[in-house]
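Q: Give me a model of this one.
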Amino acid sequence: MRIGIVGVGEIGRAIVTGLCEGDDKAPELFLSPPRGASTAKELSERHESVQVCASNQDVVNRSDVVIIAVRPQDRHEALTGLRVDDGKIVVSLMGGVANDDLRRTLATAAPLVRAIPLPAIHERRSVTVTCPSHPVVDALFEPLGGVLPVADEAAFNVFSALTATLTSHYWYLATLTSWATGHGMAPEDADRYVRGLFQGVGRSLSDESRPLDRLAAAHETPNGLNHRIRTTWFDQANSDALRAALDALLADLR
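A: Here you go, the predicted structure:
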């Protein structure tokens, strides 16, 4: 299978790395010409099966599956005028862009599939949501951490909203590190400890026999230290504010 990627940023890099550094034979990959930082050139130099194309149209022409990974606000500049044969398969990674919108831009009858691959697919460790399910697309992402097909774009938008919480988690950890530094810990020691603390939490998520609330309870003693922070900081008002932010984002995605 020949795979093209239009827009080679962080997610494009992760897809290429996951496909090329796994146990299976790497597919042929065709990347759009670089703009700014030459991620595409770097990947082509590292992996024998990766080629940088002269134009986005060249990417489409050479590929069986075309992955659109440009920023939503850049899609008209990048995609208008592209000729996509009906026999191609198009995978859109653009958040908030419905398939009907993309079909109008591309003016094609080719199958369109939306997907949410996350950066951890470069290690083949992150499930990818797809909509609608397509055997070729699902087979593409399955080795990269699994696939979660959903039936319609309403469900897909819920998962898109969940994805938007990722950097908040990193900022939470950065705030913990900053707080510890403010109390006299060396920055490198605070950083090392917080990373180790939450890497352990991440590993515990592999235990799928217990729901997340039970995992939390297993790490918490009534009236203990964890219980105190959770009930005084992550209280009902905090929880309601998070739900409200997600509801507002979901409304925009719709």
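Q: can you pull out the strands in the stretch 151-254 of the chain?
A: Per DSSP state E, counting those that start in this stretch, the stretch 151-254 of the chain carries no strands over any range.
Q: Look up how far Ser38 lies from Cys143.
A: Rather than Cys, residue 143 is Pro. 27 Å (C-beta to C-beta, to the nearest Å). Quick note: C-beta positions are derived from backbone N, CA and C, even for glycine.
Q: now do Gly87
A: 31 Å.
Q: More neighbours: which of these two?
A: Using other C-beta atoms under 10 Å, the more surrounded residue of Gly87 and Ser38 is Ser38, with 14 against 10.
Q: Please state the offset of the strand or helix carrying Leu102 from the chain centre?
A: Following DSSP states H and E, one finds Leu102 within helix 99-106. Between the centre of helix 99-106 and the centre of its chain there are 21 Å (C-alpha atoms, centre = their mean, to the nearest Å).
Q: Next SSE downstream of that helix?
A: strand 112-116.
Q: rewinding a little: what helices or strands is the helix holding Leu102 leaning on?
A: In this structure, helix 99-106 makes packing contacts with helix 75-79, strand 89-92, strand 112-116, judged by 3 or more C-beta pairs under 8 Å, 6 or more residues apart in numbering; DSSP states H and E.
Q: Mind doing that once more with 10 Å?
A: strand 65-68, helix 75-79, strand 89-92, strand 112-116, helix 153-163 (3 or more C-beta pairs under 10 Å, 6 or more residues apart in numbering; DSSP states H and E).
Q: Before I go, just wanted to say thanks for your time.
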